Structures are given as C-alpha cells and as structure tokens.
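Asks: Sharing a sequence plus its predicted fold:
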Amino acid sequence: MILNAFDMACVGHIQQGMWTHPRDRSVDYHRLAYWTETARLLERGLFDGIFLADVLGIYDVLGGDAGAAIRNAVQVPLLDPAMLVPAMAAATTHLGFGVTANLSYEAPYLFARRMSTLDHLTEGRIGWNIVTGYLDSAARAMGLVRQMAHDDRYDMADEYMEAAYALWEGGWDDDAVRADRAAGLYADPAKVRKVRHEGPQFRLEARHLCAPSPQRTPVLYQAGASARGQRFAGRHAEVVFLNGGPAPAVAKQVAALRAAAAPRRIRVLVGVTPVLGRTAAEAQEKLADYRAHASTEGALAHAAASLGIDFSRFDWDEPITQGPGNAIQSNVAAMTAAGGGTLTKRGLVERFILGSRQVPLVGSASEVADALVAFLAETGADGFNLSRTVVPECWTDAVELLVPELQGRGAFRTAHAPGTLREKLLGAGPRLEAPHPAAAHRQS
C-alpha cells in the first residue's frame, strides 16, 4: 500500500476550520521547523511521501468576493511548495516529495530547470503534480481576462510536456559530464545539444541549464478525472490521484485509467481523511471535538471555487443547475451524483462534516486499516493520499496507530526500499522508458 501525506503550504487546506482547534499547529506553516519536523515524522512512519497541493489565485467565486476565503484562511496565505522541499530533503533520506505546479503560466524552460534542481537536491526523490489551473482569479493575476477553456488547457499541456521532455531527456547525454581535472574539461560540448520546439503555444531554442539529474524527468502525478483529463493521464501520468467515493465508482475510474495508460503501468491513489482512535469510541469523540471547529463558510468558499458555482445565488433547497464550467468538472459530477442527481446548498453543507466535501473515515486504527485494505481489494487502487485534519496529531496518529495495524496485516512495508522515487513507487528504473513519450526524446 502506498501512503502519502496530503498537505499544502498554508493554514487551511482541505478541512476548513481545523486551524481553530487548540491543538492545531498549522499557523506555523511559514516556519521551516514545522516542515522538517513533519518530514521526519512521516519518514519514521515509512510513508512514501508528502504530496504538496498548490493553487494560483484566490477563491473569490462565493459572492464574487475573496472575503470568505481570507477570513477563514482557505488556502490563503499560501507559500510556494517547491521552496520547502530542499529543507525537508535535508532532514530525511527516503521520503518522496510531490509538488504541484501549474504549467499554464510558466515557460517550460524555466520550469524544467526548477524541477531538475529539485531532483538533484533530493537525490531523485521529486515528483510533479501536473495541473493546468481552474481559477479565473489566477488568470487575472497573470494579466489575462480569464483562463483558457477546460479542454484547451489540456491541449496546451500536451504540448508543454513535449517541450519539457525534450529538455529533461534530450538536452544532455548521459556521459556529457566528464569532470576531467587534468584535461580541464568539465562537459563535452558535443554531448550537450540545443533543444528546439515549435508549436501552437510554445517556441523554444535552448540548451537545458542542468546536467542530467537522477530521474531526469520527475515522477509525473496527475489528478484529472474528466474525460479529457483521463486521456492526458493515459499519455503522461505515472501516478493518478482520485478524490474517492463509493468503491464501485472508484473501481470503474481505476479501470478506465489503466486502460487509457496501457500498456504502461500506472499507480492510482485515492483521497481519504482518517480520524483515528485507539478504540472506536475514542475516534468518535475525536470526530465530535474536531467537528466543533469546522467552518461552513470556509468550506463553501472552497467548494464554490473548485466547482465553479457561486452558492450565494441559490436558496438552501433550490436545485443548483450548472452547465459544464471551466473549473474542476469531475468535482461537479461527483457532488451531483452524491446528492442523488440533484445538488442543493443544504445537501452540500450537510456533507461538510469537517469543513470539506470529503467525508472522513472514522474508527479505531484496526477498523480503519480493515476498511483501507478492503477498499484497495475492491477497487484495484494502489494506495491513499491522507488529508490532514488537526496537525501534527493526525500525522502522529497515522504513524503510531494506523501503520502498525497495516503492517500486522502484511499491507504495508516494514522498512524503506532503496532507490529514487520512481524506483520505489513504480518498481522500475530511475528513468522513464518506452512506451512513455518522454523516452522518445532521449539521445543516449
């Protein structure tokens, strides 16, 4: 079973309002010690990695204003997640790092260098969650009127990936770096070639600034669940994230993703929010304690932006009708299905148990371990992204209560495996191989 800690460099990530709990320490998000201590704890618990979400722009859909997001610290203020990784890497040896980065607003040449740098500094433990964005506020911040249409963003992303692959995989031969002190030759110019790309969205003529890193191309994560997103994942992704839901529905999603990627092997991780106790009663007490701090307004601000719906325009029991939007289309479909085909504001809020649309999994460590193992068996998924609630105790509970239960069932490792993040997650070599499209750019 793969386990990632799902986090964000902010106060309020998924479960809105938890920062108000007296034991929560997420207000220290801007201190390096907060992140290095988290990384050490997760490594002690043998987690595969910490996955850092990110978003450009602010949640200003609810009421046409960002006030609710700002009041409730809904993913604002927010740090650049890539800046945290070197410190966490220096504090650990095995923990992987997944970083979300939006390709819509940054040239491939600059981004390729940043990821190569992180791959070097982590010694091959970096992954990239490929996103194209979903907030018009981000587009306006970048000087545009609005973002590109949903499917057009994926078309642009396909081209972006080809330009990035050309830099990572084709710019330097494996033996380009000689470091020959006697000859005064550091790198052979004949083995460092100019990369050229010209397409509808991007033009590039440059030599990649970084020598080959351990993985060259970072491990590629993706979370698109729309039809267009699945096609993109089938071509590029190595690890796909799903929000979760009933096991039969997730099983269909997993099967569709594997079919889209065939014959390549991919991993599928599902989001889950565990609330753990030593007993079932203790877990329920903890849930009630946490629930008292949940923010309905914060949850509505988050949901409005990710669904692309201004809920302030609807009465509590009025059916919410919304055509295909430019936000996260799969979220709209999932929430409508959860409401029995009709989405209302009241029905949505009733699901905000901990200030989020994600219903928590509550129970003793034994009960939660049983549920996770059974879910993987029924769906064919490979593991989970564990969303935080109250930190750091949610991570401590996972490490000290859940992991031993999973190990007792033979469902989780008892030691870290060697190698790069790709080697650990995919059971493959450190670099992407055919038929992945990145391999076509390789010169040596």
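Replies: Received the coordinates, thanks. No experiment lies behind these values; they were computed from the predicted model shown.

Asks: what kind of secondary structure is the nearest residue to Q407 once chain neighbours are set aside in?
Replies: Once flanking residues are discounted, Q407 sits nearest to T414: 5.8 Å by CB to CB, 6 or more residues apart in numbering. The way it works is simple: take the backbone N, C-alpha and C, and place the C-beta from them, glycine included. Under DSSP: H, G, I helix; E, B strand; the rest coil, T414 falls in the coil class.

Asks: what are the phi and psi angles of T414?
Replies: phi -110, psi 0 (degrees, to the nearest 10).

Asks: how near is it to G408?
Replies: 10 Å (CB to CB, to the nearest Å).

Asks: These two: which is more packed in?
Replies: Set T414 next to G408 and count neighbours by other CB atoms under 10 Å: G408 wins out with 12 against 9.

Asks: who touches the more buried one in this structure?
Replies: Taking CB atoms under 8 Å, 6 or more residues apart in numbering as the criterion, G408 is in contact with A369.

Asks: how near is it to L421?
Replies: Per CB to CB, G408 is found 26 Å from L421.

Asks: tell me, which helix in the protein spans the most residues?
Replies: Taking DSSP state H as the criterion, the chain has its longest helix at helix 150-170.

Asks: Could you identify the helix or strand that succeeds that helix?
Replies: Per DSSP states H and E, the first helix or strand lying C-terminal to helix 150-170 is strand 177-180.

Asks: Can you name the next helix or strand after the helix or strand of the chain with the lowest mean pLDDT?
Replies: The helix or strand of the chain with the poorest confidence is helix 329-338; it has a mean of 52 (mean pLDDT, DSSP states H and E). Once helix 329-338 ends, the next helix or strand along the chain (criterion: DSSP H and E) is helix 345-350.

Asks: Could you export that next one as CSV, CA atoms only?
Replies: The C-alpha trace of helix 345-350 is given here as CSV (Å, rounded to 0.1, in the frame of the first residue of the first chain):
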residue,chain,number,x,y,z
LYS,A,345,-26.7,24.1,-1.0
ARG,A,346,-28.2,22.4,2.1
GLY,A,347,-27.3,19.0,0.8
LEU,A,348,-23.8,20.1,0.2
VAL,A,349,-23.4,21.7,3.6
GLU,A,350,-24.7,18.5,5.3
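
Asks: in that helix, what counts as buried?
Replies: Within helix 345-350, the residues that count as buried by 16 or more other CB atoms under 10 Å are K345, G347, L348.

Asks: Closest to Q15 out of these?
Replies: For those, the residue nearest Q15 by CB to CB is L348; the value is 15.3 Å.

Asks: residue ranges of the strands in the stretch 1-150 of the chain, please?
Replies: For the stretch 1-150 of the chain, applying DSSP state E, counting those that start in this stretch gives strands covering 2-8, 49-53, 96-102, 126-131.

Asks: any idea how far F111 is from L242?
Replies: Computed as CB to CB, the L242 to F111 distance reads 25 Å.

Asks: Let me fix that, I meant to ask about V76.
Replies: 23 Å.

Asks: okay, the two: which has more neighbours?
Replies: Neighbour comparison, V76 and F111: the larger count goes to F111, with 20 against 17 (by other CB under 10 Å).

Asks: where does the more buried one land on pLDDT?
Replies: Listed pLDDT for F111 reads 98.

Asks: cool, and the one 4 residues further on?
Replies: If you check M115, the pLDDT there is 98.

Asks: Look up phi and psi at the closest residue to it other than its chain neighbours.
Replies: Counting by CB to CB, 6+ apart, M115 lies nearest to P218, which is 5.0 Å off, once chain neighbours are set aside. Per-residue torsions, P218: phi -60, psi 160 (degrees, to the nearest 10).

Asks: so what's P218 up against?
Replies: P218 is in contact with M115, L118, D119, I126, G127, W128, counting by CB under 8 Å, 6+ apart.

Asks: A107: which of the residues you listed is nearest?
Replies: Nearest member of the contacts of P218 to A107, counting by CB to CB, is M115, at 13.0 Å.

Asks: For the closest one, give its distance to V240.
Replies: Counting by CB to CB, the gap from M115 to V240 is 19 Å.

Asks: And these two? Which one has more around it.
Replies: Higher neighbour count among M115 and V240: V240, with 28 against 24, using other CB under 10 Å.

Asks: How many residues are close by the closest residue to P108 other than its chain neighbours?
Replies: Distance criterion CB to CB, 6+ apart; nearest residue to P108, sequence neighbours excluded, is A163 at 4.0 Å. Counted with other CB under 10 Å, the neighbours of A163 add up to 26.

Asks: From what I see, A163 and R196 are in contact.
Replies: No. A163 lies out of contact with R196 (CB atoms under 8 Å); the separation is 9.7 Å.

Asks: where do the contact lists of those two overlap?
Replies: By CB under 8 Å, 6+ apart, A163 and R196 have these common neighbours: L204.

Asks: looking at it, G199 is touching E159, isn't it?
Replies: Yes. Between G199 and E159 a contact is recorded at 4.7 Å, counting by CB under 8 Å.

Asks: neighbour count winner among those two?
Replies: Between G199 and E159, counted using other CB under 10 Å, E159 has the larger neighbour count: 16 against 13.

Asks: From A190, how far off is that one?
Replies: Distance of E159 to A190, computed by CB to CB: 29 Å.

Asks: same check, this time on D48
Replies: 39 Å.

Asks: The two - which one has more neighbours?
Replies: Neighbour count, other CB under 10 Å: between D48 and A190, D48 has more, with 25 against 8.

Asks: Might you report the residue contacts of that one?
Replies: Shown in contact with D48 (CB under 8 Å, 6+ apart): I2, L3, N4, L95, G96, G383, K424, L425.

Asks: Neighbours of the closest residue to it other than its chain neighbours, how many?
Replies: Distance criterion CB to CB, 6+ apart; nearest residue to D48, sequence neighbours excluded, is I2 at 5.0 Å. I2 has 21 neighbours, counted by other CB under 10 Å.
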